[in-house]
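*Asks:* Sequence and predicted structure below; questions after.
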Amino acid sequence: MVARLAILLYAVVSYAIFAASFLYALGFVGNYVVPKSIDVGPPASPGEAIAVNLLLMSLFAIQHSVMARASFKRWLTSFVPAACERSTYVLLSSLILLLLFWQWRPIPAPVWQVTGIAAFLLIGLHWLGWLIAFASTHMIDHFDLFGLRQAFVALRSAETSGQSFRTPLLYKIVRHPIMLGFLLAFWATPEMTAGHLLFALANTAYILVALQFEERDLIAAFGATYQEYRRRVPMLVPRVFGRRGTEQRTSPRSAGAPQ
């Protein structure tokens, strides 16, 4: 019982650190409230800023992708309880994000600046992106995605049930709405600086590459069912005109962020 309570405590702490990193990300990307953001911080030379920022984003990308692969999960669960695997992934991802926010070097050179109605539209699109990303986690299984469900199942000494393949709400429109939300949040800004552009470009490149590995894993897991889903539903850009297919199903971890 003590071990199961420890697993639950670990999951709760990991989730709390994730929540803190997510809330800070809102202020970091949008330059709101937080003391150090994408465009606010100690000055650095452009060369140093680019090198440090790319290193930080590469660290996140490598951790986020390597730990998501099934082979790494099998290796990790030979050392830690299976119920801790997802929480460990969430914890390390969140800590690396916090490191990125702490060590980020702003590059304040302006790229574009818009005002008036266009600025308000971009700000609205920015917040819509965050809303889509967060809401999409709840359309599948938010607590499974961030490791809490596994810990509660372990506390009850129950077996973790397999997840059905389903496509609720936004998953009928695009296959990866969480990633679509992040892209909107990263790119929609009335004041784009060189540092913000570097952040948006690097993360877009990572998302596009990582989704290829994610989709390969999904095809391996769900076979023809996911292949049909791919044919019917676009990856990131919604179809303005298109046929509506019958409802499919996707697992909580299969329809969102690269894992």
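*Replies:* Happy to help now that I have it.

*Asks:* Next one, pLDDT for Ile107 please.
*Replies:* On pLDDT, Ile107 comes in at 96.

*Asks:* Nearest residue to it in space, please, no chain neighbours.
*Replies:* In this structure, Ile107 finds its nearest non-sequential neighbour in Gly195, 3.5 Å apart by C-beta to C-beta, 6 or more residues apart in numbering. Where you see a C-beta, it was placed from the backbone N, CA and C, and this is true even at glycine.

*Asks:* roughly how far is the helix or strand hosting the one you found from the heart of the chain?
*Replies:* Using DSSP states H and E, Gly195 maps to helix 194-222. Between the centre of helix 194-222 and the centre of its chain there are 10 Å (C-alpha atoms, centre = their mean, to the nearest Å).

*Asks:* for stretch 115-128, same thing?
*Replies:* Here stretch 115-128 is found 22 Å from its chain centre; the criterion is C-alpha atoms, centre = their mean.

*Asks:* Next: stretch 129-137.
*Replies:* The answer for stretch 129-137 is 10 Å, by C-alpha atoms, centre = their mean.

*Asks:* Rounded mean pLDDT for it, please.
*Replies:* 96.

*Asks:* same deal with stretch 189-206?
*Replies:* 97.

*Asks:* List the buried residues for that stretch?
*Replies:* Neighbour-count burial for stretch 189-206, counted by 16 or more other C-beta atoms under 10 Å, picks out 189-200, 202-204, 206.

*Asks:* Output it as PDB - backbone C-alpha positions only.
*Replies:* Extracted C-alpha coordinates of stretch 189-206, given in PDB (Å, rounded to 0.1, in the frame of the first residue of the first chain):
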ATOM      1  CA  THR A 189       1.100  37.300 -32.600                       C
ATOM      2  CA  PRO A 190       0.800  41.000 -33.500                       C
ATOM      3  CA  GLU A 191       4.500  41.600 -32.600                       C
ATOM      4  CA  MET A 192       6.800  38.900 -34.100                       C
ATOM      5  CA  THR A 193      10.500  39.300 -33.000                       C
ATOM      6  CA  ALA A 194      13.500  37.300 -34.400                       C
ATOM      7  CA  GLY A 195      13.600  35.300 -31.100                       C
ATOM      8  CA  HIS A 196       9.800  34.500 -31.300                       C
ATOM      9  CA  LEU A 197      10.200  33.500 -35.000                       C
ATOM     10  CA  LEU A 198      13.100  31.200 -34.100                       C
ATOM     11  CA  PHE A 199      10.900  29.600 -31.400                       C
ATOM     12  CA  ALA A 200       8.000  29.200 -33.800                       C
ATOM     13  CA  LEU A 201      10.000  27.800 -36.700                       C
ATOM     14  CA  ALA A 202      12.000  25.300 -34.600                       C
ATOM     15  CA  ASN A 203       8.800  24.000 -32.800                       C
ATOM     16  CA  THR A 204       7.000  23.800 -36.100                       C
ATOM     17  CA  ALA A 205       9.800  21.700 -37.600                       C
ATOM     18  CA  TYR A 206       9.900  19.500 -34.500                       C
END
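
*Asks:* List of residues touching it?
*Replies:* 29-30, 38-39, 46, 49-50, 53-54, 57, 61, 104-115, 118-119, 122-123, 126, 182-183, 186-187 (C-beta atoms under 8 Å, 6 or more residues apart in numbering).

*Asks:* Could you rerun that using 6 Å?
*Replies:* 38-39, 53, 57, 61, 106-114, 119, 122, 186-187 (C-beta atoms under 6 Å, 6 or more residues apart in numbering).

*Asks:* swap in stretch 45-61?
*Replies:* With C-beta under 6 Å, 6+ apart as the criterion, stretch 45-61 contacts 96, 100, 103, 105, 107, 198, 202, 206.

*Asks:* now with 8 Å?
*Replies:* Outside stretch 45-61, the residues that touch it by C-beta under 8 Å, 6+ apart are 44, 93, 96-97, 99-100, 103-107, 109, 194-195, 198-199, 202-203, 206, 210.
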